[in-house]
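Chemist: Below: sequence and its predicted model.
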Amino acid sequence: MSKLLGYLAAVVILAGSGMLAVYLVSLAPEPERREQPPRIPFVQSARVVAGVGAIPVYGAGTVRPSAEIDITAQVSGRIDWVNPSFHSGGRVKAGEAIFRIEQADYLYRLREAEADLEERKVALLEAQEQAAVARTEYEQYSGRKLESGATVNEAGPLALREPQLKAAQAALKREQAQVAEAKLALSRTRVKAPFDGYVREESVDIGQFLTVGQAVGRLFAANAVEVVVPLSDANTALIPGLWELQAGATRRVDARVTARYADARYVWDGYVDRAEVSLDKQTRTIDVIVRVPEPFSAGTMVDGAGHRDHFPPLLVGKFVEAEIRGLAPESYYRVPRLALQPGNEIWVIREDQRISIVPVHVLQRGDDEIFVTGALANDQAVVIGGIQFATEGMVVRSLDAAEQ
């Protein structure tokens with residue numbers, strides 16, 4: 001009996017608790033209902049800019065000398081003097097003596113040749129006098145013969161001493177050549193710089209004996225350097241009149257070269273000098289030669305934290321960036337590089353915040369922007385990030401729309 005009363009009490013307690021809970025829940029305020037915002041993707045956008053002027057052609061290459069030669073001896077002998085500037089990194093001017101070979105032997109040879117020449121001059125005078133005497137004697141002899149009515153035979157060359165005279169003249173010319181050769185050899189004892197240049201390397205000193213043709217250093221021109229810029233055929237097609245350019249001609253295509261030193265970038269003006277007429281075997285690119293005059297003068301700092309009172313030269317062997325002034329189409333657009341999608345497409349954001357997929361033709365690719373033609377408009381918004389794919393007519397929210 002007691003167990004039954006216990007079960008009944010438990011049931012009553014549970015039922016009361018449940019009724020109390022229902023009552024309390026009924027008294028609670030009903031939660032506010034809110035509609036979920038539409039799930040429209042948010043994209044990052046940028047603006048299209050209508051292009052004006054020439055399209056730059058970008059490339060890179062290594063600086064090399066425009067001219068470089070080996071310094072060699074043309075005569076043999078012992079060195080008795082060396083120019084103090086003829087050391088690695090030194091600069092010499094055109095016509096300046098680099099080193100000198102002992103001249104004593106070559107002076108003796110010149111004096112000997114000059115003495116022989118004087119002897120030949122005397123011998124020629126004797127031959128001329130003898131020939132004149134022979135001619136006079138023949139004319140007197142033939143005159144007496146004619147007066148007596150006899151027949152006169154024509155005198156032979158030997159009788160008139162013509163071969164002897166020609167031999168004397170030839171001997172004189174030979175001795176004149178010997179003197180000229182001796183003077184040339186003497187002048188070659190002083191080795192001179194053929195152009196203004198810098199010494200890349202040298203291996204010569206006083207007392208050293210040189211033989212003909214022995215190289216003692218390398219010299220490269222200081223008036224200009226060249227940068228070999230490998231470009232694709234699509235990029236070379238943007239350079240106006242590239243294949244009509246001739247080295248050293250007045251017609252030029254402007255270019256500039258940028259190099260980094262420490263924390264700053266410096267620029268030098270140059271021009272496209274020519275292009276190689278064969279493809280690189282490995283890269284299948286075309287080498288365009290950019291020439292930079294006065295490379296060892298100070299470059300112009302364009303950005304960075306370089307010293308305002310110290311500007312470096314454009315050193316040989318430096319890896320540099322090149323920017324060539326290309327063609328100037330009538331109509332093209334500059335677009336951020338991030339806007340270019342696979343398949344050369346650009347996702348344009350229309351005024352109704354829907355996407356249009358526009359195919360474009362890429363003229364040039366820069367580090368931060370591309371140059372294209374296509375169905376675009378100036379100041380048009382394009383997607384540069386935020387979504388991985390898009391469909392025609394897809395609704396998006398852009399940064400510009402969020403600010404409005």
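Modeler: Cool, the structure landed.
Chemist: Going by C-alpha atoms from here, please, whenever you check contacts or count neighbours.
Modeler: Fine.
Chemist: the strands in the stretch 101-250 of the chain, which residues?
Modeler: Here the stretch 101-250 of the chain has its strands, by DSSP state E, counting those that start in this stretch, at 190-192, 197-202, 209-210, 215-221, 224-231.
Chemist: which of those sits most buried?
Modeler: strand 224-231 (a mean of 23; mean count of other Cα atoms under 10 Å).
Chemist: Could you list the paired strands of that one along with their orientation?
Modeler: Strands that pair with strand 224-231, judged by DSSP bridges, come out as strand 56-65 (antiparallel), strand 286-293 (antiparallel).
Chemist: Contacts for the shortest one next, please.
Modeler: Think strand 286-293. 66, 223-233, 236, 255, 257, 268-280 (Cα atoms under 8 Å, 6 or more residues apart in numbering).
Chemist: let's go with 7 Å and repeat that
Modeler: Strand 286-293 has contacts (Cα atoms under 7 Å, 6 or more residues apart in numbering) with 223-233, 269-276, 278-280.
Chemist: Likewise for stretch 172-191?
Modeler: Stretch 172-191 is contacted from outside by 74-75, 97-103, 106-107, 109-110, 113-114, 116-117, 120-121, using Cα under 7 Å, 6+ apart.
Chemist: residues of that stretch that come out buried?
Modeler: 172, 175-176, 178-179, 182-183, 185-191 (16 or more other Cα atoms under 10 Å).
Chemist: Same question for stretch 311-324.
Modeler: Buried residues in stretch 311-324, counted by 16+ other Cα under 10 Å: Pro312, Pro313, Leu314, Val316, Phe319, Val320, Glu321, Ala322, Glu323, Ile324.
Chemist: Please work out which of the strands paired with strand 224-231 is packed deepest.
Modeler: For the strands paired with strand 224-231, the largest average neighbour count (mean count of other Cα under 10 Å) is found in strand 286-293, namely a mean of 23.
Chemist: Distance from stretch 59-72 to the middle of the chain?
Modeler: 9 Å (Cα atoms, centre = their mean, to the nearest Å).
Chemist: Pull it out as CSV, backbone CA atoms only.
Modeler: In CSV, the C-alpha atoms belonging to stretch 59-72 read as follows (Å, rounded to 0.1, in the frame of the first residue of the first chain):
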residue,chain,number,x,y,z
GLY,A,59,62.4,42.8,-70.7
ALA,A,60,65.6,42.1,-68.8
GLY,A,61,69.1,41.3,-69.6
THR,A,62,72.8,41.6,-68.6
VAL,A,63,75.0,44.6,-69.4
ARG,A,64,77.9,43.8,-71.7
PRO,A,65,80.6,46.1,-73.3
SER,A,66,79.8,47.5,-76.8
ALA,A,67,83.4,46.8,-77.7
GLU,A,68,86.1,44.7,-76.0
ILE,A,69,89.6,43.8,-77.3
ASP,A,70,92.7,42.0,-76.2
ILE,A,71,95.8,44.2,-75.7
THR,A,72,98.6,42.5,-77.5
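Chemist: confidence score at the residue nearest to Ala159 when sequence neighbours are not counted?
Modeler: The shortest distance from Ala159 to any non-neighbouring residue, by Cα to Cα, 6 or more residues apart in numbering, is to Ala134 (6.7 Å). Note for Ala134: predicted pLDDT of 79.
Chemist: burial count for Ala134?
Modeler: The number of residues packed near Ala134 is 18, by other Cα atoms under 10 Å.
Chemist: OK, contacts around it?
Modeler: Ala159, Leu160, Arg161.
Chemist: Among the residues you listed, which one sits closest to Gly197?
Modeler: Taking Cα to Cα as the measure, Gly197 lies nearest Arg161 of the contacts of Ala134, at 58.0 Å.
Chemist: ok, of the contacts of Ala134, which one's closest to Val52?
Modeler: Arg161 (87.1 Å).
Chemist: now Val382, what's its secondary structure?
Modeler: strand (DSSP: H, G, I helix; E, B strand; the rest coil).
Chemist: I'd like the distance between the closest residue to it other than its chain neighbours and Pro336.
Modeler: Nearest residue to Val382 in three dimensions, chain neighbours excluded: Val348, at 4.4 Å (Cα to Cα, 6+ apart). Distance of Val348 to Pro336, computed by Cα to Cα, to the nearest Å: 12 Å.
Chemist: So between these two, which is more surrounded?
Modeler: A count of neighbours by other Cα under 10 Å puts Val348 above the other of Val348 and Pro336, at 25 against 21.
Chemist: Just to check, the more buried one is in contact with Ala381?
Modeler: Yes: if you go by Cα atoms under 7 Å, Val348 and Ala381 touch, sitting 6.0 Å apart.
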